[in-house]
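>>> Provide a 3D model corresponding to the input given below.
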Amino acid sequence: MVISKHKRNNLFYFEQNYQKHFVLFFFFVQTQGSGGNSSILVTGFTFAKKHSMLLVADGGATKIDWAWTLDAGETAFAETGGFNPTYGNADLGEKLKKELADLPHPAGRMELYYYGAGCRAPEAVGRARAVLQAVWPQAEVNVFDDLLGAARATCGTQPGIVCILGTGSNSMCFDGEKVVDQIPNLGVLLGDEGSGAHIGKELLRAYFYREMPDHIRQLLSPQLPGGRDEFIKTLYAQSNAGSFLASFVKLVAGLKSDAWVNGLVQSCLEEFVQRHVLKYPGAASLPVHFCGSIAWHFGSQLDAVLQKHSLRKGKVLRKPIAELFKFHLNNASSQPFTSDRKNS
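Coordinates of the predicted model:
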């Protein structure tokens, strides 16, 4: 299969050619959604055969990556704003529905696999499914924890330790088919070690406690014009505090080689490895895979921590969506998520 991406002004289209199938063209116009979230508007597509459409999503609190097809081998990608049904409210659900309205809506049969942050408790799974089903009433909607998506994208059907380091963090031990052990994720208030929210929290603590060098302080000062009182007011007004805290990491992302930034990030990653990865029996003998923007952007800091503990680094994916979509194309009869996890 050959995938090519073309851009003219704001017009994007993907074309894929493969034997014994017709060629499908998708045309996209990049738009600006409400709240600053980007979305993709499908303006037209043509196809020669009628098949069940496959739509796969990897959803985080900040953004959701989508991949879809009308036949094996015909693939397109898009990004919308994020959603965490654990913390989400009705407004977030309605906002997401508006963004999803821009994605394809075939008249025929459709299979949707949504792997989302916070999609573990039955109530959260039901909330996410209701939002998706309202957008695609004809679809067979399957909702799973984003950890299963990360496992399928990195491990495939092989055993390994799977970690997510994005806005939040999570981990598990995977035997190639199911979760066999998981250190619990305690969320943004008590956990999320090594995540963007954790690093952002440590940056802000250092800023207000006067524990950071002046050249870093100058980067944060324009973002905190109202000082402590205004910041606290804004923080507690957030519907998603994790995304808000993680947004401050972008201010220092370009200073990875700075000694102070390097030390702060490495200490957060060290805490994640200590509290999660090293707790799994046999961690030293299994590949340790990572998904998420923090693992991707701070790869050298992550390497240093893993080497310190003689851990074997596996795949590191900024976005698991492409590999996750391939998994579904290659495993059309994927079994429902099962777990023998120990989670105490």
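>>> can you give me the strands for this protein?
Counting by DSSP state E, one finds strands in the chain at the ranges 2-8, 11-17, 24-32, 38-46, 53-59, 63-69, 76-81, 110-116, 139-145, 160-165, 169-174, 179-181, 287-291, 312-317.
>>> ok, how many other residues are close to residue 306?
Using other C-beta atoms under 10 Å, residue 306 has 17 other residues around it. In this view, the C-beta of every residue, glycine as well, is placed from N, C-alpha and C.
>>> actually residue 166, not the one I typed
Residue 166 has 30 nearby residues by other C-beta under 10 Å.
>>> Would you list the phi and psi of it?
Dihedral angles of residue 166 (phi, psi; degrees, to the nearest 10) stand at phi -130, psi -130.
>>> ok, it touching residue 196?
Yes: Residue 166 lies in contact with residue 196 (C-beta atoms under 8 Å); the separation is 6.3 Å.
>>> Can you work out which residues contact both of these two?
Shared contacts of residue 166 and residue 196 (C-beta atoms under 8 Å, 6 or more residues apart in numbering): 293, 294.
>>> Give me the neighbour count for residue 239.
Neighbour tally, residue 239, other C-beta under 10 Å: 12.
>>> For the remainder of this discussion, apply numbering that starts at 41.
Yes, from this point I'll number from 41; that puts the last item at residue 279.
>>> for the protein, longest helix please?
helix 299-315 (DSSP state H).
>>> I'd like to know how many residues surround the residue lying closest to residue 364 once chain neighbours are set aside.
Using C-beta to C-beta, 6 or more residues apart in numbering and skipping the chain neighbours, the partner closest in space to residue 364 is residue 193 (4.2 Å). By other C-beta under 10 Å, 24 other residues sit near residue 193.
>>> I figured residue 193 was touching residue 357, is that so?
Yes: using C-beta under 8 Å, residue 193 is in contact with residue 357, at 6.1 Å.
>>> the inter-axis angle of the longest helix of the chain versus strand 200-205?
Angle, helix 299-315 to strand 200-205, by axes from the mean of the first three to the mean of the last three C-alpha atoms, to 10 degrees: 140 degrees.
>>> so what's the residue nearest to residue 364 up against?
Applying C-beta under 8 Å, 6+ apart, the residues near residue 193 are 98, 331, 355, 357, 360, 361, 363, 364, 367.
>>> again, only using 7 Å
331, 357, 360, 363, 364, 367 (C-beta atoms under 7 Å, 6 or more residues apart in numbering).
>>> swap in residue 263?
residue 291.
>>> per-residue confidence for it?
Predicted confidence (pLDDT) for residue 263: 90.
>>> for residue 301, same thing?
Value for residue 301, per-residue pLDDT: 93.
>>> Now do the contacts for it.
Per C-beta under 7 Å, 6+ apart, neighbours of residue 301: 256, 292, 295.
>>> what's the answer for residue 244, then?
Here residue 244 is in contact with residue 288 (criterion: C-beta under 7 Å, 6+ apart).
>>> distance of it from residue 285?
7 Å (C-beta to C-beta, to the nearest Å).
>>> Same question for residue 171.
When residue 171 is compared with residue 285 (using C-beta to C-beta), they lie 25 Å apart.
>>> between these two, which one's more packed in?
residue 285 (24 against 21).
>>> Might one say that the more buried one is in contact with residue 239?
No: judged on C-beta atoms under 7 Å, residue 285 makes no contact with residue 239 at a distance of 8.4 Å.
>>> hey, C-alpha coordinates of stretch 151-166 in CSV?
The C-alpha trace of stretch 151-166 is given here as CSV (Å, rounded to 0.1, in the frame of the first residue of the first chain):
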residue,chain,number,x,y,z
GLU,A,151,-17.8,-0.3,12.9
LEU,A,152,-16.4,2.2,15.4
TYR,A,153,-13.6,1.4,17.9
TYR,A,154,-13.0,4.2,20.4
TYR,A,155,-10.0,3.9,22.8
GLY,A,156,-10.3,6.7,25.3
ALA,A,157,-8.8,8.2,28.4
GLY,A,158,-11.1,7.6,31.3
CYS,A,159,-13.0,4.9,29.5
ARG,A,160,-12.8,2.2,32.2
ALA,A,161,-15.6,2.6,34.7
PRO,A,162,-19.0,1.4,33.3
GLU,A,163,-20.5,4.9,33.8
ALA,A,164,-17.7,6.6,31.8
VAL,A,165,-17.9,3.9,29.1
GLY,A,166,-21.6,4.5,28.8
